[in-house]
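Q: model the following, please.
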Amino acid sequence: MTATLSISSIIGFILGLICSYLLYKFVLSKRNFKEVQSNILEHKQTEEFQSLLEVEFRKGIEEGEKRTLGKFALTYEPFIEVSDSFFKKTAEAGYTMQMFYSGLPIGDPMKRITKYEEKYKDENVKYLIDSVNGTLNNILLMVDPLGIPVKVNGNPKIEKKKTG
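A: Residues are numbered from 1 along each chain as shown. A predicted model of the protein is given here:
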């Protein structure tokens, strides 16, 4: 009986040491956690950390803008409309533009007239075509740095209308 009593007191002593050691480690880790947490808070208030946050924020904004602009697409279609009446022949040259977002059209096609000839002759077709193509090339040069996909539908279609 004395042997079991001495063994149980030794086991109790060892368990007490283990429990006190674990309790010490727990309290020490809690102190270290608070110290680490206060160091992190101090670091977050430094100017260096704030500038890093700002740089990362700007990168995110720029990436979002690039993705959004990449979903837009523009389609240009040049045209020449020739109106033939009894007394005069006029011509309008320009383009229609349709904007798309993720493949879906936004609004109606927009029609722009870039050149108007009141006394039109059939020999001036090349001049009007060059005028429209020059305008479209200028548009392409302006839109290209933005990263928006642009599609130009070939040569202008020539429509003839008879009036009068």
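
Q: T96: what's it in contact with?
A: By Cβ atoms under 8 Å, 6 or more residues apart in numbering, the residues touching T96 are Y76, E77, F79, P109, M110, K111, R112. C-beta coordinates here come from the backbone N, C-alpha and C atoms, glycine included.

Q: for the third one, which three-state class applies?
A: What DSSP: H, G, I helix; E, B strand; the rest coil gives for F79 is strand.

Q: what is the neighbour count of it?
A: For F79, the neighbour count with other Cβ atoms under 10 Å is 18.

Q: kindly report the domain assignment for the protein.
A: The record's domain split for the chain, according to automatic domain parsing, is 2-66, 72-162.

Q: got those domains as JSON lines, with mean pLDDT columns?
A: Converted to JSON lines, the domains of the chain look like this (pLDDT from 0 to 100):
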{"stretch": "domain 2-66", "mean pLDDT": "78"}
{"stretch": "domain 72-162", "mean pLDDT": "82"}
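
Q: and these, which is most packed in?
A: domain 72-162 (a mean of 14; mean count of other Cβ atoms under 10 Å).

Q: now find how far off-centre it is within its chain.
A: 28 Å (Cα atoms, centre = their mean, to the nearest Å).

Q: helices of this structure, start to end?
A: Counting by DSSP state H, residue ranges of the helices within the chain are 2-44, 47-71, 125-143.

Q: quick one: which of the ones you listed is nearest K119?
A: Judged by Cβ to Cβ, the one of those that comes nearest to K119 is helix 125-143, at 12.8 Å.

Q: could you dump that closest one to PDB, C-alpha only?
A: The C-alpha trace of helix 125-143 is given here as PDB (Å, rounded to 0.1, in the frame of the first residue of the first chain):
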ATOM      1  CA  VAL A 125     -15.300  58.600-105.300                       C
ATOM      2  CA  LYS A 126     -11.600  57.900-104.600                       C
ATOM      3  CA  TYR A 127     -11.300  61.200-102.800                       C
ATOM      4  CA  LEU A 128     -14.200  60.400-100.500                       C
ATOM      5  CA  ILE A 129     -12.900  56.900 -99.800                       C
ATOM      6  CA  ASP A 130      -9.500  58.300 -98.900                       C
ATOM      7  CA  SER A 131     -11.200  60.900 -96.700                       C
ATOM      8  CA  VAL A 132     -13.200  58.300 -94.700                       C
ATOM      9  CA  ASN A 133     -10.200  55.900 -94.500                       C
ATOM     10  CA  GLY A 134      -8.000  58.700 -93.200                       C
ATOM     11  CA  THR A 135     -10.600  59.500 -90.500                       C
ATOM     12  CA  LEU A 136     -10.800  55.900 -89.500                       C
ATOM     13  CA  ASN A 137      -7.000  55.600 -89.300                       C
ATOM     14  CA  ASN A 138      -6.900  58.600 -87.000                       C
ATOM     15  CA  ILE A 139      -9.600  57.000 -84.800                       C
ATOM     16  CA  LEU A 140      -7.500  53.800 -84.600                       C
ATOM     17  CA  LEU A 141      -4.400  55.700 -83.600                       C
ATOM     18  CA  MET A 142      -6.400  57.400 -80.700                       C
ATOM     19  CA  VAL A 143      -8.100  54.200 -79.500                       C
END
